[in-house]
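K.L.:
got a sequence here, can you model it:
(2 chains)
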Amino acid sequence: MSELTITALRFGFLILLWVLIFSIVSAMRRDLMVGRKAAAGTPTARQVRKNPELAEAPPQPVKQQAHQLVVTEGPLKGTTLPLAASPILLGRAQEATLVLEDDYASGRHARLFPQGSRWFIEDLGSTNGTYLADQQLTRALPVELGVPVRIGKTVIELRP
Amino acid sequence: MTQLSTIPKPRRNVELLLLLLALSVGIGANMLVGVDKEKAFDSDFWFQSSLLAVAALAFHVVLRIRAKYADPVILPLVVGLNGLGLAMIHRLDAPGDDTGNNQLRWTLIAMAVAIAVIWFLKDHRTLRRFIYISLAVSALLLILPLVPGISAGEILGARVWIRLGPMTFQPGEIAKITLAIFFAGYLSSNRDLILLAGRKIGPLQFPRFKDMGPMITAWLVSIGVLIFQRDLGSSVLFFGLFIVMIYVATSRISWVVIGVALILGGGFVASKVFSHVGLRIDGWLNAFTEEVYGRQFGGSYQIVEGLFGMASGGLVGTGLGQGRPNLVPFANSDMIIASLGEELGLIGLFAVVMMYLLLFTRGFRAALGTRDAFGKLLACGLSFAVALQCFVVIGGVTRLIPLTGLTTPFLAAGGSSLLANWIIVGLLLMISHAARGPVDTTPLPAGNEPAAESSNKPTEAVKPL
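P.N.:
Numbers count the residues shown, from 1 in each chain, chains lettered A, B, ... in the order given. Down below sits the predicted model:
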């Protein structure tokens, strides 16, 4: 085979390597952009306290029957939180939407999120578990109005 | 530990497209290595290329069935790296050598095992039940090479191999995975305890002494590996893995400070006490002196030949099959990066490094996306283990740090390393499937549903009889 062909193949292969890399990066770019948009949506409890306007529902909220979350038992008893269309993180971590001051709750304990017209609760691998109407969660389940959700010593409910 | 969420999209067709591109890189490399010799397009070439393509496409089909939402770029990246490695090893085979076909056999075995992991495990959270078992398994795997009878004895100064029939195997490679599972399980359960208790000294909050237990254990294990197996690379790998996982779990910089101090202290003492560590460091610092270059044991001959090889490759390389990388000892395993650098040049070597970089970012991305703490830690730990391994090997070959005996993931000849890294890929794919997929909200099977009508009843839901 001639010297020229070999040189052409040699450079062609280097170009092929970088074509692979650029196609992978462009496949990833779309993925990253979607993630950033979605991640910017949820204000934390602290941000909500400082800027009340953040807590307002986005322009097109999903039609839901539940409009607030009420803590019925535990150290935060009486606290209410308005429900928007964004998911709510429950736990002791500062980043949680509802920061539970409860020694039996984990840092990132559970997540409450809307899907369709209903709210679902999902346990995030907490140490003591999450109970929906006295049944320990093993997967995401819908939360109906007034059904107690127990996290450590805290009990929350959804209200209209 | 934050969490990013995306709209669930399988994107398997994107994966198929990238996979075909990656296969063309692997097969193209295999074609180029023999293009001006009579061994181009021989039966070996067709055999190897078709087997690799069939295995990669089978993996893709399994992902379509079992992990529809898995990350679409991980498999193409790994297949590309593995194909490149196969081609290079095939090229370095002297007539009569069988390393290339052996590597292909191990690739197929490793891919089959990774497929089995994805097929049977279904959910990575199942592994959380086995954290103490995996600790015991790790201990067993690390002790095996020292047990007389199974041990393959001291090969090239390290006691890390066991003998299984005609083959040798490095159990330490698998221990990397089981240790990551243990650390992830242990830290995800005890994270709050480690995080809250502790004393503040200056700007750093130090953990309580009893919470340092696992860290001290990890340190002792790495020191044990260093003393008894004489394996510097694995020792750094295990300890680095633990530091990173505990740092990710607690986001306390004090762990990194303590860990780096322990590594530096241990490394300094080791370089004074153990001759093999001291020689490695001497061969790194004074690589170009004649005395060190020509020394029979622990000399710098290998590193310097590798550097000469990369220098002769220059920016664009000599072209696959055109250089003379086989002048370097262990050109197809420890020094495969130098061989690639010689034949593909700086541009090609950067492409390889870039592929590794993209692989880690996808691992960390899976960790950010998944919702459970165990999965986050496991994905972080596994991708970091691969990253650290790459840093130690490529840094060693390019004389940034002392050369240690770790394998280049997916590229270097060696079955145990391939097997372990493909299992890691299987686990990462599964974690990314959980991270990117939709949350399961379909109704439970009848009779298992929490009472929705309890909203009308007192809060203690009355269980039906």
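
K.L.:
so which residues of chain A form helices?
P.N.:
Secondary structure of chain A (DSSP state H): helices at A:3-39, A:45-50.

K.L.:
of those, which shows the lowest average pLDDT?
P.N.:
Between these, the lowest average pLDDT goes to helix A:45-50, which shows a mean of 63.

K.L.:
got the contact list for the residue of the stretch 51-200 of chain B found nearest chain A?
P.N.:
At 4.9 Å from chain A, B:Val73 is the closest residue in the stretch 51-200 of chain B, using CB to the nearest CB. Using the backbone N, CA and C atoms, a C-beta is placed for each residue, glycine as well. Contacts here follow CB atoms under 8 Å, 6 or more residues apart in numbering or on different chains; on that basis B:Val73 touches A:24, A:27-28, B:15, B:18, B:358, B:362.

K.L.:
cool, B:Arg64 as well?
P.N.:
Counting by CB under 8 Å, 6+ apart, B:Arg64 has contacts B:Arg12.

K.L.:
hang on, isn't B:Val244 packed against B:Ser383?
P.N.:
No - counting by CB atoms under 8 Å, B:Ser383 is not a contact partner of B:Val244; they are 9.9 Å apart.

K.L.:
just checking, B:Gly345 touches B:Gly317?
P.N.:
Yes - under the criterion of CB under 8 Å, B:Gly345 makes contact with B:Gly317 at 3.0 Å.

K.L.:
spit out the residues that contact those two alike.
P.N.:
Going by CB under 8 Å, 6+ apart, residues that sit against B:Gly345 and also against B:Gly317 are A:Leu14.

K.L.:
close to chain A: what parts of the stretch 101-250 of chain B are there?
P.N.:
B:125, B:128, B:188-189, B:191-192, B:195 (CB under 8 Å from any CB of the partner chain).

K.L.:
does B:Gly100 touch B:Asp93 like I think?
P.N.:
Yes - at 5.0 Å, B:Gly100 counts as touching B:Asp93 under the criterion of CB under 8 Å.

K.L.:
how close does B:Asp211 sit to B:Leu279?
P.N.:
Counting by CB to CB, to the nearest Å, the gap from B:Asp211 to B:Leu279 is 37 Å.

K.L.:
correction: B:Thr99
P.N.:
From B:Thr99 over to B:Leu279 (counting by CB to CB), the distance is 27 Å.

K.L.:
the more surrounded of these two?
P.N.:
Between B:Thr99 and B:Leu279, counting by other CB atoms under 10 Å in any protein chain shown, B:Leu279 is the more crowded of the two (19 against 16).

K.L.:
shouldn't that one be within a helix?
P.N.:
Yes - counting by DSSP: H, G, I helix; E, B strand; the rest coil, B:Leu279 falls inside a helix.

K.L.:
any low-confidence regions in the stretch 201-350 of chain B?
P.N.:
B:202-206, B:212, B:215, B:298 (pLDDT under 70).

K.L.:
for the residue of it at minimum distance from chain A, which non-adjacent residue is closest in space?
P.N.:
Nearest residue of the stretch 201-350 of chain B to chain A, counting by CB to the nearest CB: B:Gly319, 3.7 Å away. Closest residue in space to B:Gly319, ignoring its immediate chain neighbours: A:Arg10 at 3.7 Å, by CB to CB, 6 or more residues apart in numbering or on different chains.

K.L.:
now do the contacts for the one you found.
P.N.:
Taking CB under 8 Å, 6+ apart, we find A:Arg10 in contact with B:32, B:316-317, B:319-320, B:322.

K.L.:
just the pLDDT for the residue minimising distance to the centre of chain A.
P.N.:
Nearest to the mean C-alpha position of chain A, by CA atoms, centre = their mean, lies A:Pro87 at 5.3 Å. At A:Pro87, the pLDDT value in this model is 84.

K.L.:
look up the closest residue to it, ignoring the ones flanking it.
P.N.:
Closest to A:Pro87 by CB to CB, 6+ apart is A:Phe113, at 3.6 Å.

K.L.:
what number of residues lie near the one you found?
P.N.:
18.

K.L.:
contacting residues for it?
P.N.:
Per CB under 8 Å, 6+ apart, neighbours of A:Phe113: A:87-88, A:119-120, A:122, A:140, B:439.

K.L.:
between those residues, which is closest to A:His67?
P.N.:
Using CB to CB, A:Trp119 comes nearest to A:His67 of those, at 10.7 Å.

K.L.:
the residue lying closest to the closest one once chain neighbours are set aside - how many residues pack around it?
P.N.:
Excluding the flanking residues, the one nearest A:Trp119 by CB to CB, 6+ apart is A:Val143, at 4.9 Å. A:Val143: 23 surrounding residues under other CB under 10 Å.

K.L.:
could I get the pLDDT score of A:Val143?
P.N.:
86.

K.L.:
ok, now how distant is it from A:Thr7?
P.N.:
Taken as CB to CB, the span from A:Val143 to A:Thr7 is 67 Å.

K.L.:
B:Leu84 now?
P.N.:
Taking CB to CB, one finds B:Leu84 at 20 Å from A:Thr7.

K.L.:
swap in B:Pro329?
P.N.:
B:Pro329 is 30 Å from A:Thr7, by CB to CB.

K.L.:
with B:Ala387 instead?
P.N.:
35 Å.

K.L.:
which one's more surrounded, those two?
P.N.:
The neighbour comparison of B:Ala387 against A:Thr7 (other CB under 10 Å) goes to B:Ala387, with 20 against 13.

K.L.:
what residues of the helix or strand the more buried one falls within count as buried?
P.N.:
Element membership for B:Ala387 (DSSP states H and E) is helix B:373-397. Within helix B:373-397, the residues scored as buried using 16 or more other CB atoms under 10 Å in any protein chain shown are B:373-394, B:396-397.

K.L.:
packing partners for the helix or strand harbouring B:Ala270?
P.N.:
Applying DSSP H and E as the criterion places B:Ala270 in helix B:253-273. Using 3 or more CB pairs under 8 Å, 6 or more residues apart in numbering or on different chains; DSSP states H and E as the contact test, the elements touching helix B:253-273 are strand B:204-206, helix B:213-228, helix B:232-250, helix B:275-285.

K.L.:
next, format those as JSON lines and append distance to B:Ser24.
P.N.:
Shown next, in JSON lines, are those (distance: least, CB to CB, whole Å):
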{"stretch": "strand B:204-206", "distance to B:Ser24": "51"}
{"stretch": "helix B:213-228", "distance to B:Ser24": "40"}
{"stretch": "helix B:232-250", "distance to B:Ser24": "33"}
{"stretch": "helix B:275-285", "distance to B:Ser24": "38"}
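
K.L.:
tell me the residues of the stretch 301-450 of chain B that contact chain A?
P.N.:
Counting by CB under 8 Å from any CB, the stretch 301-450 of chain B sits next to chain A at B:316-317, B:319-320, B:322, B:344-345, B:347-348, B:351, B:354-355, B:358, B:361-362, B:365, B:369, B:371-375, B:439-441, B:444, B:450.
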